[in-house]
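S.K.: Provided below are the primary sequence and the corresponding predicted coordinates.
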Amino acid sequence: MTALIDSPVRYDLAESTCPPLEVADLADPGELAGLALDYGTSRGDAELRELIAAAAGVTADQVLVTVGAIEAMFLLAQATCRPGDRVLLVTPCFPPARTVPEGLGAGVDAVPLSFDDGYRLALDAVAGALTPRTRLVSLASPQNPSGVRFTADELRGLLDVVRDRAPEAVVLVDETYHASTYDDDLAPGSAAGTSPRVVTCSSLSKAHGAPGLRIGWLTTTDPGLCERLRQAKFHTTIACSTVDEFLAARVLRRSTEILAVRAERLGGALAELVNWTRDQPVELVRPDGGALCCLRLPADRFPDDEAVAAFYARLAANDTRVAPGSWFGEHDRVFRLGFGHLPDGEFSTALDRLADALTP
């Protein structure tokens with residue numbers, strides 16, 4: 001998966017971000033020139049935490065600013081899991097959701113969701129995989145790679161079964177794509193304040209188009225857990241970049257405007273993609289949010305691993321890329337397609353090149 005940033009291609013449909021902001025969109029040179037490069041605080045800039053808290057429905061002292069959402073995931077796994085503990089992971093998923101707890105010595109119990117079922121949350125399967133040794137339950141909404149958003153009823157059902165079968169477990173809801181919507185759709189409320197058992201994480205990387213700032217956050221309404229996480233951050237990264245936090249606050253002050261522009265663009269790109277699939281030998285799970293979705297090569301046209309590998313080889317020859325399902329714990333017959341990163345004309349060209357690769 002490191003190829004996403006280390007090996008560029010001309011038409012990158014594997015990327016799942018929105019169009020990137022520029023520093024000039026957020027501050028003038030004079031403001032940055034006068035910014036002191038002091039240490040920040042372990043909790044994060046006060047204004048930034050207030051802005052995050054207001055959007056999430058919690059208080060500023062229930063927010064911890066992190067180096068991207070990935071640090072939030074690492075700190076939570078470090079604070080909740082010891083070698084031999086169990087982590088329940090809903091898949092397909094962002095790869096570090098698995099590799100981080102495994103690296104800390106925890107055992108991972110994966111509950112795979114189904115393309116055929118639209119990647120809906122399988123509560124019976126989750127309940128069957130939970131044990132009293134489960135310390136962390138991890139899922140994303142909207143999901144990476146599918147963009148499927150779990151409903152409030154599904155999340156309440158999840159909390160009920162976790163309470164009954166894994167009473168010491170914390171539930172991580174990765175909301176990295178939460179604010180990313182289409183056209184005039186409104187994002188539902190965050191899961192942040194639903195229960196002291198729930199921790200959420202998010203960042204500015206995807207919906208806002210600012211992955212270069214490396215600013216994320218987590219929320220928890222459990223004061224003891226919040227303090228453990230703050231201590232863990234202090235003993236690892238100490239604080240986030242003061243420049244990044246300054247610019248991140250500028251992003252969130254203009255969040256409504258920034259997200260509206262991206263929602264319009266994503267809505268148009270998703271409509272183009274859905275229309276394109278009608279004439280192509282692929283299957284689609286329509287996403288609920290985010291600049292990403294899952295498509296599948298049908299088994300009758302791509303009957304074996306050799307045929308699937310040949311598709312990826314043809315696509316590479318077209319200087320185009322999608323994200324193979326194996327990155328996320330799926331079969332490579334499924335792939336993630338990002339529809340928010342490329343400009344309109346280039347996105348259309350990329351779809352043409354993808355269509356060419358779908359023809360043996």
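M.R.: Looks like it came in fine. Note that the structure is a prediction, hence the values are computed from the model and not measured. Numbers count the residues shown, from 1 in each chain.
S.K.: and V111, what element?
M.R.: Per DSSP states H and E, V111 falls inside strand 107-112.
S.K.: how distant is that strand from the center of its chain?
M.R.: Averaged C-alpha coordinates place strand 107-112 at 18 Å from its chain's average position (C-alpha atoms, centre = their mean, to the nearest Å).
S.K.: before we move on, which element is F335 in?
M.R.: Going by DSSP H and E, F335 is part of strand 334-338.
S.K.: Note down every partner strand of that strand and its orientation.
M.R.: strand 292-296 (antiparallel), strand 323-324 (antiparallel) (DSSP bridges).
S.K.: For those, give me TSV that also has mean neighbour count and mean pLDDT.
M.R.: Bear in mind the C-beta positions are built from the backbone N, C-alpha and C, glycine included. Listed next are those as TSV, based on neighbours: other C-beta atoms under 10 Å; pLDDT from 0 to 100:
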stretch	mean neighbour count	mean pLDDT
strand 292-296	24	98
strand 323-324	22	97
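S.K.: Distance to P303 added to these, as TSV?
M.R.: Output for the strands paired with strand 334-338, formatted as TSV (distance: least, C-beta to C-beta, whole Å):
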stretch	distance to P303
strand 292-296	13
strand 323-324	18
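S.K.: out of the ones you listed, nearest to R98?
M.R.: Closest approach to R98 among those (C-beta to C-beta): strand 323-324, 15.6 Å.
S.K.: ok, the strand holding V111: who's next to it in the sheet?
M.R.: Strand 107-112 is paired, per DSSP bridges, with strand 86-91 (parallel).
S.K.: Need the contact partners of stretch 226-235.
M.R.: 42-43, 61-62, 64, 66, 71, 75-76, 78-79, 218, 220, 239 (C-beta atoms under 8 Å, 6 or more residues apart in numbering).
S.K.: Stretch 240-251 now?
M.R.: Contacts of stretch 240-251 (C-beta under 8 Å, 6+ apart): 21, 23, 26-27, 32, 35-40, 44-45, 47-48, 51, 65-67, 204, 208, 210, 213-215, 258.
S.K.: Could you pull out the buried residues of it?
M.R.: C240, S241, T242, D244, E245, F246, L247, A248, A249, R250, V251 (16 or more other C-beta atoms under 10 Å).
S.K.: Keep only those of these that are in strands.
M.R.: Counting by DSSP state E, no part of those is found in strands.
S.K.: model confidence over stretch 243-250, on average?
M.R.: Throughout stretch 243-250, pLDDT has a mean value of 98.
S.K.: sorry, that was for stretch 328-340
M.R.: pLDDT averaged over stretch 328-340 gives 97.
S.K.: Export only the CA atoms of that stretch, formatted as CSV.
M.R.: The C-alpha coordinates for stretch 328-340 follow below in CSV (Å, rounded to 0.1, in the frame of the first residue of the first chain):
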residue,chain,number,x,y,z
PHE,A,328,-8.0,-4.4,2.8
GLY,A,329,-8.5,-8.0,3.6
GLU,A,330,-10.7,-8.8,0.5
HIS,A,331,-10.1,-10.9,-2.6
ASP,A,332,-8.4,-9.0,-5.5
ARG,A,333,-11.5,-9.5,-7.6
VAL,A,334,-12.8,-6.6,-5.5
PHE,A,335,-11.0,-3.3,-5.8
ARG,A,336,-11.3,0.2,-4.3
LEU,A,337,-11.8,3.1,-6.7
GLY,A,338,-11.3,6.7,-5.7
PHE,A,339,-13.4,9.3,-7.5
GLY,A,340,-12.5,12.5,-5.8
